[in-house]
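Undergrad: what's the 3D shape of this:
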Amino acid sequence: MKDIAINKKAYHDYIIEETYEAGISLFGSEIKSIRAGKVSLKEAYVSFKDNEAFIKDMHIAEYKQATYNNHEETRDRKLLLHKKEITKLASKCKIQGYTCVPLKMYFKSGLVKFEIALAKGKTLYDKRESDKKKTMERQAKQALKR
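TA: Just a heads-up that it's a prediction; the model follows:
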């Protein structure tokens, strides 16, 4: 598995509770841009409509060599999940404070896959606490190296 893009902001802003693997429906020019590494997951999130899951605000740059068949950069893209997974995620996302975010995008057997997560938003003091914990771990590792 080769990672294409990782959403570092999601790990900072949310407490990850459950993760799922999902496929995605894409155009040919989008695949070419993804293979070139021109994709961003920073603002992306998952929404549900009519028992289908869509990823919104994911940016895939235009493919220069594509002609009139080029894609729209931030269009809604359909995620491929089992029906039970979609209903489970949709029902949990309706609870206040929960959302569904993409964590990373990767190639698996030549196909583009997403790792999406059911996440709960962190408050400001939770973010400060996790930052403190990271700095303490970093300092401990540096002390052990010395």
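Undergrad: show me what contacts the one residue sitting closest to the centre of the chain?
TA: For the chain, the residue nearest the mean C-alpha position is Pro102 (1.8 Å; Cα atoms, centre = their mean). When contacts are counted by Cβ atoms under 8 Å, 6 or more residues apart in numbering, Pro102 touches 7, 10, 41, 44-46, 55, 58, 114-117. Using the backbone N, CA and C atoms, a C-beta is placed for each residue, glycine as well.
Undergrad: So which of these are in helices?
TA: Of the contacts of Pro102, the ones assigned to helices by DSSP state H are Ala10.
Undergrad: what's the closest of the contacts of Pro102 to Glu17?
TA: Ala117 (7.2 Å; Cβ to Cβ).
Undergrad: Number of residues surrounding the closest residue to Asp57 other than its chain neighbours?
TA: With sequence-adjacent residues excluded and distances taken as Cβ to Cβ, 6 or more residues apart in numbering, Asp57 is closest to Glu43, at 4.4 Å. Glu43 is flanked by 12 other residues according to other Cβ atoms under 10 Å.
Undergrad: Make sure Glu43 is actually in contact with Glu73.
TA: No: applying Cβ atoms under 8 Å as the test, Glu43 and Glu73 come out as separate, 11.9 Å apart.
Undergrad: anything in contact with each of the two?
TA: Joint contacts of Glu43 and Glu73 (Cβ under 8 Å, 6+ apart) are His59.
Undergrad: Please put the alpha-carbon coordinates of the one helix or strand Ala119 maps to into PDB.
TA: For Ala119, the host element (DSSP states H and E) is strand 111-121. Taking Å, rounded to 0.1, in the frame of the first residue of the first chain, the C-alpha atoms of strand 111-121 are listed here in PDB:
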ATOM      1  CA  LEU A 111      -7.200   1.000  -6.800                       C
ATOM      2  CA  VAL A 112      -7.600   4.200  -4.800                       C
ATOM      3  CA  LYS A 113      -8.900   3.600  -1.300                       C
ATOM      4  CA  PHE A 114      -9.800   5.900   1.600                       C
ATOM      5  CA  GLU A 115      -9.500   5.400   5.300                       C
ATOM      6  CA  ILE A 116     -12.400   7.300   6.700                       C
ATOM      7  CA  ALA A 117     -13.200   7.700  10.400                       C
ATOM      8  CA  LEU A 118     -16.000   8.400  12.700                       C
ATOM      9  CA  ALA A 119     -14.600  11.200  14.800                       C
ATOM     10  CA  LYS A 120     -15.600  13.500  17.700                       C
ATOM     11  CA  GLY A 121     -14.500  17.100  17.700                       C
END
